[in-house]
Structure formats: structure tokens, C-alpha cells
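J.: Give me a model of this one.
(2 chains)
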Amino acid sequence: MSLRPLSRIGVLCTLFAVCLAGCIAVAGALSPARAVEVKVGVLRIDYPVLVPVSRYDLTPDDLGFAGARLGTEDNQTTGSFLGNDFSLETLAVTPDDAVAAARELIGKGNRLLVVLGNGEDILRVADAAGEEALVFNASAPDDVLRDSECRPNLIHVAPSRAMLADAVAQFLIWKKWNRWFLIEGSNPDDKKLGEAYRRSAAKFGAKIVEERVFEDTGGSRRSDSGMVLVQRQIPVFTQDAAEHDVIVAADESDVFALYLPFHSWEPRPVAGSAGLRPVSFDPTTEAWGATQFQRRFEKLTGRYIHPEDYNAWLASRVIGEAVTRTSSAEPQALKDYLLSDAFELAAFKGQKVTFRPWNGQLRQPVLLTDSKITVSVSPQEGFLHQRSPLDTMGLDEPESACKAFDS
Amino acid sequence: MWARTSLRDLTLRAAFLAGVTAASLSIADPALANKAFVSNEKGNTVSVIDTGTWEAVEEFPVGNRPRGIGMSPDGKHLYVCASDDDTIQVFDTSNDEFLWSLPSGPDPELFVLSPDGSKLYVSNEDDNLVTVVDTAKKTVIAEIPVGVEPEGMAVSPDLRFVVNTSETTNMAHFISTEDYQIKHNVLVDQRPRYARFTNDGTLLFVSSEIGGTVSVIDMLGEAGPELVTKIGFEVPGVQPEWLQPVGMRITSDNKWLFVALGPANRVAVIDVESKEVVRYILVGQRVWQLEFTPGEEYLLTTNGNSNDVTVIDVAAQEAIKSIQVGQQPWGVVVTPE
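T.: Next comes the predicted model:
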């Protein structure tokens, strides 16, 4: 977008001449009413999954969409004062239909596309969208999307695994629980999460004193007699581990982590996929105006908020804020603004959220919850960074191999 | 928290002041010292501070989650937003007795009284409304749709506008007091919390908690209120994220603007003329709202996380004392002379 200096003077002159006429027209349109039509599409890719271990983790039908709806309402209220109009179109599809659905949404003018799905599929959608749309990742935590596989049209509102793991690690270090017993699942995403915790441990100086893999043998998650088995199996599984302060569970597949608290051989707290969990947002959070945000969400939907809803809300608000400040709905103009120093947004997490210009990741605090209350919020006190304490979590500029955002 | 010497100083100064006041009024009644009322958000109480002795003398129960607090111009009635009870409670300031409730709309957080005390303008965070309440008839006169999460409220000295700031929309809305229509909107930085006019009504200050700035709005702009500049903050050793401006007060000579900086535990002193911060005063933790004593000798700050009120000597621009109050003090108001 930004004009490269001097390399094409002729082109610039022509542009200037065209602009002279055009810009005056635009300037005229800018005041007083700067009417912009903003069309946002939300694409949710659904996967066949087993019933979750906890009934509390059942996913609502409008997961993600509900957050985008609230975000659109917020944007529309603001837009009404400026003459901007926000619309929302949502689609839930299977992985096979994801690309076609994305093309359909973009074809209908939704050039700002919020996507919920796994990393691979979000990448396929982003590649299919190309320059046609700016894609907002509202769910996939894959670090590779912020690293070697980043895309110039892919913005990450959801925190990465590295950010989530670092959030937990900082709290454990603050507690001086430096000896970790890492238990990871056997599925690929569990392995990636386990790797994120290994990286965090090395980054902050914790020691993984014991590692075990919990095999996913498939089958149903719950049964009437499950409790009895769990109470006998988990102590045995965790027996004879090296002396540790805390168990760190890497179980994105939701197979075993929730069984660890109270059942472990040694009486130790659990963090990660159970016990103290890192989340982008949680219904338990009340600080920084979050209560009123939760109330608005609950009034709209009749249920508690999920992190995916928050991420979709946040993506909508990121778009809304950029539109408000730039008076544009053009993907490129919005992206330029988002990645600039001028962008900032209040997100009910106590400090402004901004973007990392090197990989398009939203900097944000990460909440730590025991699922009843918000226990703490990372970054923790004392973890410092020359740019922002938020950059102590996730891939810092020198660590990221992303080149797609280099200008 | 403060050194004993300051306390002794203060006692002396208070005695001196009391003497001066008594002499000038020819009334030798120590009971005439002012009362400061502090809403304790978590404690569901209001603390009463004697501004003569700087002692917390009483704490009485009010509704749930008391935040915004104000007083009728004659000093007789205390208004308290009981946010979780969706009402504004009215108390007798002479004996702390509950008198009646006013309709407020849902989740009232903050309000401002018209200078004659006849109307309350209340921000209703959950419903994106400003509610106008007739304090005598105890009825709702108007509901004005505003931006998302309305919060800060101010009445312009010429009474033409009620200003509301909306925290998620990031605007100051200028509502006409005649027809209750929004006449102007000015975009400010993230999460505008509080609005305050200079005494002469020429300038409006809006604090943006998350943006970390105070926007200065010229009320005499050609096309209406106009953003002229933004004031930022910088304190060595304090992370910029924690410099979160909230409550504000301006001296009546329009020279000094005091800004509470929330979790930075400081009150910034701004020279209104130059729009520059000249000093940061260390106060209690999570400083939230401010109020002068009637003669503007002292400025009181509510410190939500240390459960106390700091007394600032306005002329010296120094903190001189802290007073323990109830749980999570939010707002403060002082009886008039």
C-alpha cells in the first residue's frame, strides 16, 4: 500500500494527477458523514469430535458467531454516530467445504473474514482468499502460522500456543514451582502443546524433571463407572515420577488432563490443560469492566461466553476500531492501520491490545483460570521486555521466521 | 504510610485553619468542619471523614456495589449509585439516614447533578443509555441512546450540554440539555472514563483509561467542540501500561488539572495553560476519583486497592495524609461550606 519512494516517479506523477481529482472528492465525502459500508463474514469450520470430558465444555451451536454478533452490535452503535454501517454474515461448514464457503463469503463482498477452525484449514482459507480479503484467525493456536507459515493476509487475534504456555510458565516461575512433571497426550496437537511447554520451560528457566505420554486409546470419554477407574488408574500412571512441584498437562485433545487434579500420586497442583488453564477470556473474569461486557454478552445469548466468542468479538472490534479511525473498509488500508503504532484497542483485559508488526499477532494479556475464578493474569510482575511486557509471551521478533509482513 | 511529622504538621495546619475559619465566620463551632463521603465499592458502605480532624468517623451500610457518589447543592442529600441494585439511593447527610431511592435505569455507575440540583444525568453501562432523572419528582424524564458502555458525565458550565463518554465507542457525546439530542461527537482514545470542564466552560478534558491520555477539547471550535491535543503521561520506573487516567478535578481558577492515574498510584498535576504535566504525586494504590474540599485547600483521592483516601495539599501539590476507609473506595464527595 505504502508508496515506495522514488523508484517509479512516472507512475507517481500519474497517480498524483489522478489523486488530485479523486482526493478532493474523497475529502468532500469525509466530512461531515464518512459513510463506509463494512461487511464482515465469519466462517466456522466444524470437526467431528467426541463428547467432552466435562459437561461444562459442551459447545453451543452459536459458538464464535455470538461473539461476532456482539462485536457487530458494538461497531454498529459506534458506526451510527459516524455514518458507518456494519453487517455480519456467518457460515458453519465442514473442513471439505471451507475454501468454497470462504470464496462464497468473499464473493458476496465480505472482504473481512473471521475464521474459526484448525490451523491447516485457516491457512487454506487464507491462501484461497489471497488479496481479496483480510483473514482474522480467531481460534488456531499453531505457532507455525506466526512463524514460517505466516501469510500477509492472515491476522491472529487468538493467542498462540507459545503465548498460552508462556502465560502458565510465568505464573509457575513466580510461584517458584520450577520443577515440572510434563504429561502430554499422544495426538499431534498435544505434542505441539507439549513442545510449547518445553520451549517455555527453557525460556524462563523451569526444569522439566519428568515427562510422560498419556496414550489416547480412543473410545468414549465418559461412562457410569468411569470415576472408579480414574481413581485407580491416574495414581498408578503418575507414580514414581521424579520430585516435582507441579504437573503440567498438554492435552489439547481433551482426553486425560481433567482427571489429573486430586488423582495424581503426589499431592501436586496441575496447570495447563486442567487445573490452572490459560485462556484468552473466561466467564469468571470481572476486572477491568469485564462484568459489564459479560452481562451484555449474556443478555444477547442467554449463555456464558467461551474464548472463541471472545476472540470473534475481539476480531470484530479490531475491524470496527480500524474502520472508525481510518474511515475505510479496504482490507489493505485496515491492515496497514492495524500494524501501525497508531492502533490500540481496549479489550477488557486491563491494558490496550496492539499488533506485532512482524507476524500479525495480537499482543494481549492471558487469563489463568481454575474455571471458577480468574486466578491470575499474565504477563506476571517482573517479566520485562524492552518493548512491552506483553512481548514476554509468544514469539518475539528475533524468534519469528515470518517474512510476510516485511515491508 | 505518611511520616509522623507530616501528620503533626497537618494537625497544626488544621488547627490553624479551623481557627481562621472560626474567626472569619465568628462561629466557634468545631462541628462545622466538612464531611467527606466515600463510596466503598466492595464493602457496600459509605465512609464519612471529618475534614477538620481527617479521621474516618463513621461507616454506614448502603446498597450493593456503591460507585458514583454526589451531593445536592445545599449539602443536605447524598446520592449514591447502588450499581448492582439498579438504583440511586438518597441519604440525609446530617445523620446518614436513608431517605428514598431514585429510578436510575440499570447498572448506574456514574452520574452528574445539574448545578441547581434538579436533575441527575446517569450513565447506564449495560444499556448504552444516559438516563435523566428529576430529583424532586423522583421520575425519569428522558433516556438518551449513546455509545457502547457510557461512563463519564459532565454538565457544561453554560448548561447547554451534558457530556457523556462511552468506553467502547471511544467518544465524548455532547447532548443538548434542551431536547436531549446528541449534537456533537468527538472521538478520543481508548476507554474514556471521565469528563470535566474548566470553570469558564472553554475547555473539556476527557480521560482515556486504556489509551493513557487526556484529550483536550476546545468548546469554542468553529464547527462545535473540537479535539485540540492529547496529554500523555510518563513516570520513570512505572510501566506505561499502568498510567491509566481516570478521575479529574480542575481548580476553579482554571490553572491546575489533577488527574488520578489508577494503577500507577499517582495523581498527575497538569498546568492547564501549557497542557503539560508538572508533577506526579504518589498516593495510595489504584487511585480512582478525586474531590476538593470547598475552599480547594485539599484534594481527596480514593485509592481502591489500598482501601484508603489520600489528602493532597493543593497549593503545595503534596500528599500529606492517608486515611483508612472501607473496602475498595470508589468515589468521594464533600459537603459544601
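J.: Quick check: which ranges of the chain have low pLDDT?
T.: By default, I'm working from chain A. With pLDDT under 70 as the threshold, chain A has low-confidence stretches at A:1-34, A:220-228, A:407.
J.: nope, chain B
T.: Along chain B, the model assigns pLDDT under 70 to residues B:1-32.
J.: Spell out which residues of it are next to chain A.
T.: Neighbours of chain A within chain B, by CB under 8 Å from any CB of the partner chain: B:107, B:125-126, B:128, B:147-149, B:167-171, B:173, B:182, B:185, B:187, B:189-191, B:209-212, B:239, B:241-242. Where C-beta positions appear, they are placed from N, C-alpha and C, glycine not excepted.
J.: Mind checking which of the residues you listed land in strands?
T.: Secondary structure assignment by DSSP state E places B:171, B:173, B:182, B:185, B:187 of the residues of chain B next to chain A in strands.
J.: Tell me the buried residues in stretch A:346-355?
T.: Residues A:346-355 are the ones in stretch A:346-355 that count as buried (16 or more other CB atoms under 10 Å in any protein chain shown).
J.: one step back: including neighbour count, could the ones in strands among the residues of chain B next to chain A go into a markdown table?
T.: As requested, these are exported to a markdown table (neighbours: other CB atoms under 10 Å in any protein chain shown):
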| residue | neighbour count |
| --- | --- |
| B:Met171 | 26 |
| B:His173 | 24 |
| B:Ile182 | 19 |
| B:Asn185 | 20 |
| B:Leu187 | 16 |
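J.: Quick one: residues in contact with the helix or strand B:Ser123 falls within.
T.: Of the helices and strands defined by DSSP states H and E, B:Ser123 is found in strand B:119-124. Identification of contacts with strand B:119-124 by CB atoms under 8 Å, 6 or more residues apart in numbering or on different chains yields B:68, B:70, B:79, B:81, B:88, B:102, B:104-114, B:129-135, B:141, B:146, B:150-153, B:155, B:162, B:164.
J.: could you flag which of those are buried?
T.: Buried subset of the contacts of strand B:119-124 (neighbour count, 16+ other CB under 10 Å): B:68, B:70, B:79, B:81, B:88, B:102, B:104-105, B:107-114, B:129-133, B:135, B:146, B:150-153, B:155, B:162, B:164.
J.: quick one on the thing from earlier: from the residues of chain B next to chain A, keep the buried residues only.
T.: Buried by 16+ other CB under 10 Å: B:107, B:125-126, B:128, B:147-149, B:167-171, B:173, B:182, B:185, B:187, B:189-191, B:209-212, B:241-242, out of the residues of chain B next to chain A.
J.: Skip the chain neighbours and tell me the closest residue to B:Pro329.
T.: Leaving out its chain neighbours, the residue that sits closest to B:Pro329 by CB to CB, 6 or more residues apart in numbering or on different chains is B:Thr302, at 3.9 Å.
J.: chain center to the host helix or strand of the one you found: distance?
T.: Element membership of B:Thr302, judged by DSSP H and E, is strand B:298-303. With CA atoms, centre = their mean, to the nearest Å as the basis, strand B:298-303 stands 9 Å off its chain's centre.
J.: Same check on stretch A:187-204?
T.: 17 Å.
J.: ditto for stretch A:133-149
T.: Centroid separation for stretch A:133-149 versus its chain: 9 Å, with CA atoms, centre = their mean.
J.: Report the buried residues of it.
T.: By neighbour count on 16+ other CB under 10 Å, the buried set for stretch A:133-149 is A:133-147, A:149.
J.: name the helices or strands packed onto the host helix or strand of A:Ala196?
T.: Using DSSP H and E, A:Ala196 falls within helix A:188-204. Under the contact definition 3 or more CB pairs under 8 Å, 6 or more residues apart in numbering or on different chains; DSSP states H and E, helix A:188-204 sits against helix A:161-174, strand A:179-185, strand A:207-214, strand A:246-250.
J.: Now the residue positioned nearest the centre of chain A: closest residue in space, sequence neighbours ignored.
T.: In chain A, the centroid-proximal residue (CA atoms, centre = their mean) is A:Ala158; its distance is 0.7 Å. Spatially, and ignoring its direct neighbours in sequence, A:Ala158 is nearest to A:Asn311 (4.9 Å; CB to CB, 6+ apart).
J.: what residues are up against that neighbour?
T.: Per CB under 8 Å, 6+ apart, neighbours of A:Asn311: A:64, A:67, A:116, A:138-139, A:157-158, A:280-281.
J.: Return the subset of these lying in helices.
T.: By the criterion of DSSP state H, membership of the contacts of A:Asn311 in helices covers A:Gly67.
J.: which two of the buried residues of stretch A:133-149 lie the greatest distance from each other?
T.: Spatial extent of the buried residues of stretch A:133-149 (CB to CB) is set by the pair A:Ala133 and A:Asp143 at 23.3 Å.
J.: Please parse chain A into its domains.
T.: Listed domain ranges for chain A are A:34-159+A:282-366, A:162-278 (source: automatic domain parsing).
J.: Return the distance of the first one from the chain's centre.
T.: The gap between the average C-alpha position of domain A:34-159+A:282-366 and the chain average comes to 9 Å, counting by CA atoms, centre = their mean.
J.: what do you get for stretch A:370-383?
T.: On CA atoms, centre = their mean, the centre of stretch A:370-383 falls 17 Å from that of its chain.
J.: what about residue 103, neighbour count?
T.: I went with chain A, as the question did not name one. A:Arg103: 15 surrounding residues under other CB atoms under 10 Å in any protein chain shown.
J.: wait, I meant chain B there
T.: B:Pro103 sits with 16 neighbouring residues when counted by other CB under 10 Å.
J.: All the strands of the stretch 1-150 of chain B, residue numbers only.
T.: B:35-40, B:45-50, B:55-61, B:66-71, B:77-82, B:87-92, B:98-103, B:108-113, B:119-124, B:129-134, B:139-145, B:150-155 (DSSP state E, counting those that start in this stretch).
J.: Reformat the ones you listed as JSON lines; add distance to A:Glu321.
T.: Formatted as JSON lines, the strands of the stretch 1-150 of chain B follow (distance: least, CB to CB, whole Å):
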{"stretch": "strand B:35-40", "distance to A:Glu321": "32"}
{"stretch": "strand B:45-50", "distance to A:Glu321": "38"}
{"stretch": "strand B:55-61", "distance to A:Glu321": "41"}
{"stretch": "strand B:66-71", "distance to A:Glu321": "27"}
{"stretch": "strand B:77-82", "distance to A:Glu321": "29"}
{"stretch": "strand B:87-92", "distance to A:Glu321": "32"}
{"stretch": "strand B:98-103", "distance to A:Glu321": "34"}
{"stretch": "strand B:108-113", "distance to A:Glu321": "23"}
{"stretch": "strand B:119-124", "distance to A:Glu321": "21"}
{"stretch": "strand B:129-134", "distance to A:Glu321": "22"}
{"stretch": "strand B:139-145", "distance to A:Glu321": "21"}
{"stretch": "strand B:150-155", "distance to A:Glu321": "18"}
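J.: quick one: which of these is nearest A:Asn359?
T.: Closest of the strands of the stretch 1-150 of chain B to A:Asn359 is strand B:150-155, at 34.3 Å (criterion: CB to CB).
J.: counting contacts, what elements does that closest one pack onto?
T.: The contact analysis (3+ CB pairs under 8 Å, 6+ apart) places strand B:150-155 against strand B:108-113, strand B:119-124, strand B:129-134, strand B:161-166, strand B:192-197, strand B:203-208.
J.: Recalculate using a threshold of 10 Å.
T.: Judged by 3 or more CB pairs under 10 Å, 6 or more residues apart in numbering or on different chains; DSSP states H and E, the packing partners of strand B:150-155 are strand B:66-71, strand B:108-113, strand B:119-124, strand B:129-134, strand B:161-166, strand B:171-176, strand B:192-197, strand B:203-208.
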